[in-house]
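Colleague: the following block contains a protein sequence and its predicted model.
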Number of protein chains: 2
Amino acid sequence: MSIKEVPPGPSCHTPLVAEPLTELEAGALAHVFKALADPVRLRLVSIMASYEGGEACVCDLTEPFDLTQPTISHHLKVLREAGLVTSERRATSVYYRVVPEALASLAGLLTVPAGRQAADPVNPVNAAMKVVSA
Amino acid sequence: MSIKEVPPGPSCHTPLVAEPLTELEAGALAHVFKALADPVRLRLVSIMASYEGGEACVCDLTEPFDLTQPTISHHLKVLREAGLVTSERRATSVYYRVVPEALASLAGLLTVPAGRQAADPVNPVNAAMKVVSA
DNA sequence: TGGAGCTATTCACGTCTGTCAATATTCACT
DNA sequence: AGTGAATATTGACAGACGTGAATAGCTCCA
């Protein structure tokens, strides 16, 4: 689903919590969040981001998992089509790296406007864990 | 899946892109992202957040959709169990509101450490749209 | 207590998704 | 050209997910 035909939209500078999303916007955003909504893909992103140089080849990304190479390749494709990572072929290997702008966009979207902002979101991972256990 | 038994973890102050996630952390985070990975639920969050007082009752949340009330109730349950929204019964109506800390946690998680940060993530929604169309 | 309005739960069903096995594709090196 | 290594694609299948119909639960009011 390429969303190229989506109009500019009335939501300029409008985070998720400030104005209702249109159906088109919601669909596009859901597509991106869906790419992150999988344990394997989340780990793939974190692994390639924490690799030296911020990139890792498919063999590096396959090794940490008890999954077949085609399965990892499938997950990488999902991340790539969501615009969250890019790939570059170098010799026989293909190297993947995250797209910081994509993550920053999502982060900005989730950021609550001043006044409703919560205090001290110091530890994102553990905070999210608490969220889950609530 | 209650993740109460998840240990503190080695990931203190560690955003997604700085250190590989453990399987447990990835599973917990995926659970939260999965709650956001649906157009209807994204719109529900944005609608209740943009309502006056930052809260909306189920009837307000059902009206904008061509979906049945049980379906909306199901989506609200998913958001609630993910810790993204809270509900409060007041008379016969139940009012939902977003949990800013939860969104802030996810935003912090997606924020790339200084140095890799992209410039000018000004328009989160449109930027995310571009991401999708890439 | 009974009824009406609002919300949640259960059950059933079609679709989507994650996974693997098998195979195809791309590239480097003889 | 041909071979081997690395990655991508295809096809198939079980399980998860979104949805609606029917029903249950809760709260107020008469």
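Modeller: Structure received.
Colleague: count of neighbours near the residue of chain A found nearest DNA strand D?
Modeller: In chain A, the residue that lies nearest DNA strand D is A:Pro70 (2.8 Å; Cβ to the nearest atom of the strand). Where C-beta positions appear, they are placed from N, C-alpha and C, glycine not excepted. The criterion is other Cβ atoms under 10 Å in any protein chain shown. On that basis, A:Pro70 has 9 neighbouring residues.
Colleague: kindly list the main-chain dihedrals of it?
Modeller: phi -60, psi -40 (degrees, to the nearest 10).
Colleague: cool, and A:Leu103?
Modeller: When quoted as degrees, to the nearest 10, the phi and psi of A:Leu103 stand at phi -60, psi -40.
Colleague: is DNA strand C within reach of the one helix or strand A:His75 maps to?
Modeller: A:His75 is part of helix A:69-81, with elements assigned from DSSP states H and E. Yes - for helix A:69-81, a contact with DNA strand C is found by Cβ under 7 Å from any atom of the strand, at A:Pro70, A:Thr71, A:His74, A:His75, A:Val78.
Colleague: same thing with stretch A:42-58?
Modeller: No - figure legend: stretch A:42-58 not in contact with DNA strand C (Cβ under 7 Å from any atom of the strand); closest approach 10.0 Å.
Colleague: quick one: mean pLDDT over that stretch.
Modeller: Within the predicted structure, the mean pLDDT of stretch A:42-58 is 94.
Colleague: what sits up against it?
Modeller: Where contact means Cβ atoms under 8 Å, 6 or more residues apart in numbering or on different chains, the residues beyond stretch A:42-58 that reach it are A:36, A:60-61, A:64-65, A:69, A:72-73, A:75-76, A:79, A:84-85, A:88, A:93-98, B:16-21, B:23, B:26, B:29-30, B:33, B:112, B:116.
Colleague: give me the buried positions along that stretch.
Modeller: Buried residues in stretch A:42-58, counting neighbours by 16 or more other Cβ atoms under 10 Å in any protein chain shown, are found at A:42-51, A:54-58.
Colleague: ends of that stretch, what's the gap?
Modeller: As for stretch A:42-58, its first-to-last residue distance stands at 15 Å under the measure Cα to Cα, to the nearest Å.
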